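K.L.:
sharing a model prediction with you, sequence too.
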There are 2 protein chains.
Amino acid sequence: MINQVINADTFGFIAAFLTTIAFLPQVIKTWRTKKAEDVSVVMLLTFIIGLLFWIVYAIKSNAFPVLIANIVTFIFNVTILILKLIYGKK
Amino acid sequence: MINQVINADTFGFIAAFLTTIAFLPQVIKTWRTKKAEDVSVVMLLTFIIGLLFWIVYAIKSNAFPVLIANIVTFIFNVTILILKLIYGKK
């Protein structure tokens, strides 16, 4: 089966790419609609703090791909949080 | 520094816990408010497909903590997607 000839790391790289890039559509949607009322601020804060722990983990483990993926995910989520806070004020 | 006596895995476990549990507040918020209009369906779908790749990666690598964290995150995100689709129909 093709599943067996593709090694685990390939799945890991695809996984990391998808779970990182996934937040870009949310950034674009929030930017365009100028609202994020239905997006949980508790989710964003918990997720962002979790990402900071991933970044520390990656630095301490010299896990460069983990570091890059989490920095990008962090930037997207901080952007969503900032947009939510800006548009929430209106 | 305290940062140096705590090993990388401890940061990894805290990170995995936070980035998993983070989606529970979104499930609760969406359930309570009965709306998720501002949540990007493209984000949810991309993230869910990414989580499936993480699950395959974890199975192939025998990475049990990664498997558990991603299964729980998958359940939360599928729940958010289903709730969004249900409430979007109204």
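P.N.:
Arrived safely. It should be emphasised that the depicted structure is a prediction, and the values quoted were computed from it without experimental measurement.
K.L.:
quick one: neighbours of residue A:60, just the number.
P.N.:
Neighbourhood size, residue A:60 [other CB atoms under 10 Å in any protein chain shown]: 17. C-beta here means a position set from N, CA and C on the backbone, and glycine is covered the same way.
K.L.:
whoops, I mixed them up, residue A:22
P.N.:
23.
K.L.:
just residue A:85 next, same as before
P.N.:
Using other CB under 10 Å, residue A:85 has 12 neighbouring residues.
K.L.:
please apply the same query to residue A:72.
P.N.:
Neighbours of residue A:72 (other CB under 10 Å): 17.
K.L.:
any idea which helix or strand carries it?
P.N.:
Assigned by DSSP states H and E, residue A:72 belongs to helix A:64-89.
K.L.:
any idea which residue sits dead centre in chain A?
P.N.:
residue A:73 (2.8 Å; CA atoms, centre = their mean).
K.L.:
ok, now how distant is that one from residue B:34?
P.N.:
29 Å (CB to CB, to the nearest Å).
K.L.:
give me the low-pLDDT residue ranges for chain A?
P.N.:
A:1-5, A:89-90 (pLDDT under 70).
K.L.:
quick revisit: which residues are in contact with the residue nearest to the centre of chain A?
P.N.:
Taking CB atoms under 8 Å, 6 or more residues apart in numbering or on different chains, we find residue A:73 in contact with A:19-20, A:23, A:51.
K.L.:
I figured residue A:55 hits residue A:74, correct?
P.N.:
Yes - counting by CB atoms under 8 Å, residue A:55 touches residue A:74, with 6.8 Å between them.
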